[in-house]
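1. Predicted coordinates and the sequence they were generated for:
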Number of protein chains: 2
Amino acid sequence: MSSRTSVRKREPTKAKQSLVELAYDQIKERILQNHYHPGYQALESEVADDLGFSRTPVREALIQLKHEGLIELIPRRGMRVVPVVADDMQEIYEVLTSLESMAAELLARKQPDAKVLEPMRVATRDMERALKADDLEAWAAADERFHRALIELCGNKRLAHMATTVRDQGHRARMVTLRLRDKPIASVNEHERVLRAIEQGDWQTARDEHYAHRKRASVELTEILEKYRLPQL
Amino acid sequence: MSSRTSVRKREPTKAKQSLVELAYDQIKERILQNHYHPGYQALESEVADDLGFSRTPVREALIQLKHEGLIELIPRRGMRVVPVVADDMQEIYEVLTSLESMAAELLARKQPDAKVLEPMRVATRDMERALKADDLEAWAAADERFHRALIELCGNKRLAHMATTVRDQGHRARMVTLRLRDKPIASVNEHERVLRAIEQGDWQTARDEHYAHRKRASVELTEILEKYRLPQL
DNA sequence: GTACGCGTTAACGTATACGTTATTTTCTGA
DNA sequence: TCAGAAAATAACGTATACGTTAACGCGTAC
């Protein structure tokens, strides 16, 4: 064991990304923004040409995305953006309900002080504002911030990572249904109830309230998917 | 859309695996069996030589394993089997508690008939037998079968996949602590309670019982890790 | 006219080569 | 002797080449 006299510090300024990471980000962006629409197919080489990289980093990025459930890789057919059907949304919401309820419980158990919860409170307030301004995009963005903050603040990295992955899978569907449903008036109130329980350290209530929140949203979405017979998203 | 007259059927006999899959399985096996112990480091090329493949498929397998949290990839240092510390086990059990409780709820909601639940019942019976025979390995294997069956039968593929991934992360730790703790007598009874609730379609009880089961096991494990001051597993 | 089989083609899976960059070692000067 | 810098080394990240194999089209036989 050699003594390490000089401590090497990371340069946060650089943050150079590998081509794999760049390819991953770009492809994922295109999928989430619906540029690569559900069912879209492209060969590895086509994606590589599209991004201006060689096949290798693209291939590795595609493998990552496959594991996250956004695409599938079909031999000799390339990548295919997996369409999300109603059953998938059901699965996605079940997992989200499960993980986020646990996150709410964990966060409540930590008895965080008000400052820590600020991002969630701000997000909730922004939701309310967006609702008044009839700005659905802003509402959705704020809603996402709330849920993202919840899982990040709970302290469980694995849980956060898994919840993010599965949330991304449902991203397109949420965006599509945003305009098809009634004004999402219930969420603000529900978020406030969750927040209150967390503040008070009442982890059981926090868990139950969040469970109910996600459950209601899930049922709501399912009804829309049925009503409009949306085949895939 | 061309009419496909000849239906091509998959040959289940072949089941040829790609080198990536082979490498993945072999490396994962070595990690779980503690052949590649926690903290073990090896260069990509070393692993490739070890398995007799070239770097490419090994590299892709390593990337997969990184995403599953079993190893980390350090530039110019190769792969490193990530040691699991007490905090990690806490995280792992929190996620497992969350996902499996949902699985129990979902399964109960489906009101499955006795035949479907047979694997879980068999597993529980095997646990009891193993306990009487003082065969801890057999007990652990049967216990794992129970939990595996639960998440597979619940019907949510995403949930099952995530639960499997995180369970594998804690595998080594469970094996190590198996011998350090008292006879795991509570589990059989708890499993039976979960099973009963599922049978009766009482999803709330199923969920709560499973939650309690995992919670107790988690606390038990945490105490052992503290007692023996196990730094990493 | 249909079905089967063979040949062509194209995409992937894998190997390998190469350039870049972090690490290590060596050398020099104080 | 030790610090610092420069050179050497080694490993990775990426590109590219190659062999394999599945898909597709065409021709032939029934």
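-> Received, thanks.
2. Which residue comes closest to A:Glu152 once chain neighbours are left out?
-> A:Ala160 (5.5 Å; CB to CB, 6 or more residues apart in numbering or on different chains). Backbone N, C-alpha and C define where each C-beta goes, glycine included.
3. swap in A:Ala142?
-> Using CB to CB, 6+ apart, the nearest residue to A:Ala142 is A:Asp126, at 3.8 Å.
4. what's the neighbour count on the one you found?
-> By the criterion of other CB atoms under 10 Å in any protein chain shown, A:Asp126 has 19 neighbours.
5. same for the least confident helix or strand in chain A by mean pLDDT, what does it pack against?
-> Every helix and strand of chain A was ranked by mean pLDDT, DSSP states H and E. The lowest is helix A:171-177, at a mean of 92. Counting contacts by 3 or more CB pairs under 8 Å, 6 or more residues apart in numbering or on different chains; DSSP states H and E, the secondary-structure elements packed against helix A:171-177 are helix A:19-32, helix A:203-227.
6. which parts of it are buried?
-> For helix A:171-177, the buried set under the neighbour-count rule, 16 or more other CB atoms under 10 Å in any protein chain shown, comprises A:His171, A:Arg172, A:Ala173, A:Arg174, A:Met175, A:Val176, A:Thr177.
7. DNA strand D is nearest to which of the helices and strands packed on helix A:171-177?
-> DNA strand D sits nearest to helix A:19-32 of all the helices and strands packed on helix A:171-177, at 3.0 Å, using CB to the nearest atom of the strand.
8. is the closest one anywhere near DNA strand D?
-> Yes. For helix A:19-32 and DNA strand D, the contact criterion (CB under 7 Å from any atom of the strand) is met by A:Leu19, A:Val20.
9. list the helices and strands that helix packs on?
-> Here helix A:19-32 touches helix A:44-51, helix A:55-67, helix A:171-177, going by 3+ CB pairs under 8 Å, 6+ apart.
10. go with 10 Å
-> Taking 3 or more CB pairs under 10 Å, 6 or more residues apart in numbering or on different chains; DSSP states H and E as the contact definition, the neighbouring helices and strands of helix A:19-32 are helix A:44-51, helix A:55-67, strand A:71-74, strand A:78-81, helix A:157-169, helix A:171-177.
11. what does that helix contact?
-> A:16-18, A:35-38, A:40, A:42, A:47-48, A:50-54, A:56-65, A:68, A:70-71, A:79, A:81-82, A:168-169, A:171-172, A:175, B:63 (CB atoms under 10 Å, 6 or more residues apart in numbering or on different chains).
12. Please name the nearest non-neighbouring residue to the spatially most central residue of chain A.
-> For chain A, the residue lying nearest the average C-alpha position, counting by CA atoms, centre = their mean, turns out to be A:Arg167 (3.3 Å). Counting by CB to CB, 6+ apart, A:Arg167 lies nearest to A:Leu96, which is 6.3 Å off, once chain neighbours are set aside.
13. buried ones in the helix or strand where that neighbour lies?
-> Counting by DSSP states H and E, the secondary-structure element that holds A:Leu96 is helix A:86-109. Applying a neighbour-count criterion of 16+ other CB under 10 Å, the buried positions in helix A:86-109 are A:86, A:88-109.
14. That helix: what's the following helix or strand?
-> The element immediately downstream of helix A:86-109 (helix or strand, assigned by DSSP H and E) is helix A:114-132.
15. what's A:Leu225 in contact with, if anything?
-> For A:Leu225, the residues meeting the contact criterion (CB under 10 Å, 6+ apart) are A:Val84, A:Val85, A:Ala86, A:Asp87, A:Met89, A:Gln90, A:Ala173, A:Val176, A:Thr177, A:Leu180, A:Pro231, A:Leu233.
16. what do you get if the cut-off is 6 Å, keeping everything else the same?
-> Contacts for A:Leu225 (CB atoms under 6 Å, 6 or more residues apart in numbering or on different chains) come out as A:Ala86.
17. What of A:Thr124?
-> Taking CB under 6 Å, 6+ apart, we find A:Thr124 in contact with A:Phe146, A:His191.
18. Model confidence score at the residue nearest to A:Ala142, please.
-> The predicted structure scores A:Asp126 at 97 on the pLDDT scale.
19. ditto for A:Gln26
-> We have a pLDDT of 96 for A:Gln26.
20. distance of it from A:Ala48?
-> A:Gln26 sits 12 Å away from A:Ala48, going by CB to CB, to the nearest Å.
21. now do A:Val81
-> As defined by CB to CB, A:Val81 lies at a distance of 17 Å from A:Ala48.
22. A:Lys66 now?
-> From A:Lys66 over to A:Ala48 (counting by CB to CB), the distance is 16 Å.
23. So between the two, which is more surrounded?
-> When neighbours are counted by other CB under 10 Å, A:Lys66 and A:Ala48 differ, and A:Ala48 comes out ahead with 20 against 16.
24. Distance of the residue lying closest to that one once chain neighbours are set aside relative to DNA strand C?
-> In space, not counting the residues next to it along the chain, A:Ala48 is nearest to A:Val58; the distance is 4.4 Å by CB to CB, 6+ apart. Here A:Val58 is placed at a distance of 10 Å from DNA strand C (CB to the nearest atom of the strand, to the nearest Å).
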